[in-house]
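> Next one to model:
(chains A and B)
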Amino acid sequence: MPVIQAQNLTKKFGDFTAVDGISFEVAPGESFGLLGPNGAGKSTTMRMIGGTSLRTSGSLTVLGLDPEERGPEVRASLGVVPQQDSLDEELRARDNLIVYGRYFGLPRAYLETKADELLEFAQLTEKAKAKVNALSGGMKRRLTIARGLVNEPRILLLDEPTTGLDPQARHILWDRLFRLKEQGVTLVITTHFMDEAEQLCDRLVVIDHGKIVAEGSPQALIREYSTREVVEVRFGSARNAAMEAELRGMAERIEVLPDRILLYARDGEGLLEQISRRGLNPLTSLVRRSSLEDVFLRLTGRSLID
Amino acid sequence: MTDVRHEQPVVTFTGLDHAALAARTRRWGWLHYARYRQASEGPFLVTALMLAIGNPILYLAAMGLGLGSIVQADVSGVSYLHFVAPGLLVATVATTGAQFGTWPIFGGFKWIRNYLAAQATPLEPGQMAQGETLAIGVRLFVQAAIFWVIGLAFGAWPGGWSLLAIPIATVAALAMFTPLMAYSATLEEEGLHFNFVQRLIIMPMFLFAGTFFPLESMPIYLQWVGWVSPMWHGTQLARMASFGLAVPPWLVGVHVVFLLACIVGGQVWAHRTFTRRLVR
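Next up, the predicted model:
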């Protein structure tokens, strides 16, 4: 039985439709992603799952319960990592976990043990007594994740978990999330980072303007909506558009971006050779595998991060 | 040579009964929130204590001894110090209560984001507002008690019944606190709202609370400002308790009902504004 079931889920704020009739299911133990640009309706969907945003229409059950009617019951089983940290900056790292655990009605003896375990998990044992305002961005994020685990949640909701972190901090965080996934925790992740979605998600939906435009595993989506490889060439911003005519027909598909041209082909190296044989000498060129970025571009005609 | 082993930290799952947790929070969430509020005041304890001790000393010295030395006549049948002390106690604690209802609440939504953190747990918005009132109530009670003890050193209390001024001041302060808490939860941007509140609501309520002189000595067309001020109602009750100010029984009823109505009305309103702010 799915742990989350959404049917035609819709949320309007006045005239603006933030979430426009989306349907999806999340299976227990699955790592499920909501991928889309800022303002696509991802966070609103997350809030509806926690029962802190009221849907305009459609149906939604979380662990078999309607979060609007049984908010406290649903949230008792959820771990929430909000987009913007909401740690108490004046309290010590460890006290943040304990205070938060108290909101769940967890006994102090349980929390004393749990807090130490979670600090260890988040690699923050040495910072246990540090005030939160003395922690780095990556540490705060890990502490927020540790806090979200204090009630042994069945589902962990992560809203843009690594936005604003440097690459090293992101990798540490992904590693922790991967371990949780291995332990069978259901993860629901919103992100506008392709690499994050590819790393963490078993399955994802691509959301644009509040609607689901595609659904599947990262590999399946790439197979379905893109070619195996991509050639990126740059002729300088003034010439990119003019070169399009020359290149057209050489690749299965072509996308002209302001700063570069993307050519989609099964054999990227072969295509690049062909280009140089024709005497079209790009300033820079790069052959890479297709990613979810390409899927998104194909589906919406826009790149994900403007 | 020793093996290097990378310990894999894991999160243990002990099989918590989530349904039981939810039930406990539904029942006791307000108390859990109040405890947080108290813990969050921890880092500011010394400052708060210094204010709670310094304030009464300054006020009693300036008003009781300073102003009192030129007010030779009895006021309401007692010395000026005995007259002014219950008023100062109520006014000081109630002003603190009003302050707790403004910036700290607004900041909880905007900067500290403690309400947003709590919102992700089984706690419900109304319980947060209840927890605030409980924690602030305890805090104001302690402040009132400190004031009373310091008043002893000044000889400000004619008798033991003046102890009742402590709970009375707490109630008057909460009557200021809960409506302001409800209002503060509606503000999205800081703007000048609190300047307005401070200068056009709290300040007149203080000036017309009959703290320094009996409200009846004002022209009748100005007395209404005092009538709508929880500080005045609290002050009258505190004076009754402290030196036996003569108040007709029906008016005692009005004082008590007015204060309780402010607290309950403010709390009900806060329940609504907290919910509207957090669940959209």
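
> CA-only coordinates of stretch B:160-170, as PDB, when you get a sec.
Coordinates of each C-alpha in stretch B:160-170 appear next as PDB, following Å, rounded to 0.1, in the frame of the first residue of the first chain:
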ATOM      1  CA  GLY B 160       0.100  40.800  54.100                       C
ATOM      2  CA  TRP B 161      -2.900  41.000  51.800                       C
ATOM      3  CA  SER B 162      -0.700  43.000  49.500                       C
ATOM      4  CA  LEU B 163       0.700  39.600  48.400                       C
ATOM      5  CA  LEU B 164      -2.500  39.300  46.300                       C
ATOM      6  CA  ALA B 165      -1.100  42.100  44.100                       C
ATOM      7  CA  ILE B 166       1.200  39.500  42.600                       C
ATOM      8  CA  PRO B 167      -1.400  37.400  41.000                       C
ATOM      9  CA  ILE B 168      -3.500  40.500  40.200                       C
ATOM     10  CA  ALA B 169      -0.600  42.100  38.300                       C
ATOM     11  CA  THR B 170       0.000  38.800  36.400                       C
END
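
> mean confidence for it?
The average pLDDT within stretch B:160-170 is 97.

> in that stretch, what's buried?
B:162, B:164-170 (16 or more other C-beta atoms under 10 Å in any protein chain shown). Yep, even glycine has a C-beta here, placed from its N, CA and C like the rest.

> end to end, how far does stretch A:225-235 reach?
26 Å (C-alpha to C-alpha, to the nearest Å).

> Give me the average confidence score over it.
91.

> Just checking the distance from that stretch to the centre of its chain.
Distance, stretch centre to chain centre, for stretch A:225-235: 23 Å (C-alpha atoms, centre = their mean, to the nearest Å).

> wait, is residue A:17 part of a helix?
No. Under DSSP: H, G, I helix; E, B strand; the rest coil, residue A:17 falls outside any helix and is assigned strand.

> so who does residue A:49 touch?
Shown in contact with residue A:49 (C-beta atoms under 8 Å, 6 or more residues apart in numbering or on different chains): A:4, A:60, A:62, A:67, A:74, A:78, A:157, A:188.

> Counting neighbours, what do you get for the nearest residue to the first one once chain neighbours are set aside?
The reference is to residue A:4. Among residues not flanking residue A:4 along the chain, residue A:26 sits closest, at 4.1 Å (C-beta to C-beta, 6 or more residues apart in numbering or on different chains). Look at residue A:26: counted by other C-beta atoms under 10 Å in any protein chain shown, it has 21 neighbours.

> before we move on, back to that, filter the contacts of residue A:49 down to the ones in helices?
residue A:74 (DSSP state H).

> so does whichever helix in chain A runs longest get close to chain B?
Counting residues, the longest helix found in chain A (DSSP H) is helix A:167-182. Yes. Shown here: helix A:167-182 in contact with chain B (C-beta under 8 Å from any C-beta of the partner chain) through A:179-180.

> what is the rounded mean pLDDT of that helix?
Mean predicted lDDT for helix A:167-182 stands at 88.

> Which of the buried residues of stretch B:160-170 fall within helices?
Members of the buried residues of stretch B:160-170 lying in helices (criterion: DSSP H): B:165-170.

> Include distance to residue A:171 when you put those into CSV, please.
Shown next, in CSV, are these (distance: C-beta to C-beta, whole Å):
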residue, distance to residue A:171
B:165, 62
B:166, 57
B:167, 58
B:168, 60
B:169, 57
B:170, 53
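
> Tell me the one of these nearest chain A?
residue B:170 (24.8 Å; C-beta to the nearest C-beta).

> Name the residues of the stretch 51-200 of chain B found near chain A, please.
B:112-114, B:116-124.

> quick one: which of these sit in helices?
Filtering those for helices - DSSP H - leaves B:114, B:116-119.

> Quick check: the two most widely separated of the residues you listed?
Greatest spacing in these, by C-beta to C-beta: B:114 and B:119 (9.5 Å).

> Tell me which of those two has more neighbours.
Neighbour tally, residue B:114 and residue B:119, criterion other C-beta under 10 Å: the higher count belongs to residue B:119, 26 against 22.

> who are the neighbours in contact with the nearest residue to the more buried one once chain neighbours are set aside?
Among residues not flanking residue B:119 along the chain, residue B:278 sits closest, at 5.0 Å (C-beta to C-beta, 6+ apart). Residue B:278 makes contact with A:52, B:115-116, B:119, B:125, according to C-beta under 8 Å, 6+ apart.

> where are the low-confidence patches of the chain?
Picked chain A for this. A:303-306 (pLDDT under 70).

> my question was about chain B
Checking chain B against pLDDT under 70 turns up B:1-9.

> if I look at the residue nearest the centre of chain B, how far off is chain A?
Centrality entry for chain B: nearest residue to the mean C-alpha point is residue B:97, 2.7 Å, by C-alpha atoms, centre = their mean. Residue B:97 sits 22 Å away from chain A, going by C-beta to the nearest C-beta, to the nearest Å.

> which ones are touching the residue nearest to that residue when sequence neighbours are not counted?
Nearest residue to residue B:97 in three dimensions, chain neighbours excluded: residue B:173, at 3.0 Å (C-beta to C-beta, 6+ apart). Residues near residue B:173 by C-beta under 8 Å, 6+ apart: B:90, B:93-94, B:96-98, B:140, B:144, B:230, B:234.

> Okay, helices next: where are they in the stretch 151-300 of chain A?
Along the stretch 151-300 of chain A, counting by DSSP state H, counting those that start in this stretch, helices occupy A:167-182, A:194-200, A:218-225, A:240-247, A:268-277, A:292-300.

> Now do the fifth one: everything it contacts.
To tie it back to what came earlier, the one meant is helix A:268-277. By C-beta under 8 Å, 6+ apart, helix A:268-277 touches A:228-231, A:233, A:247, A:250-251, A:263, A:265, A:282, A:285, A:287-288.

> mind redoing it with 10 Å?
Helix A:268-277 has contacts (C-beta atoms under 10 Å, 6 or more residues apart in numbering or on different chains) with A:227-233, A:243, A:246-247, A:250-252, A:263-265, A:267, A:280-282, A:285-290.
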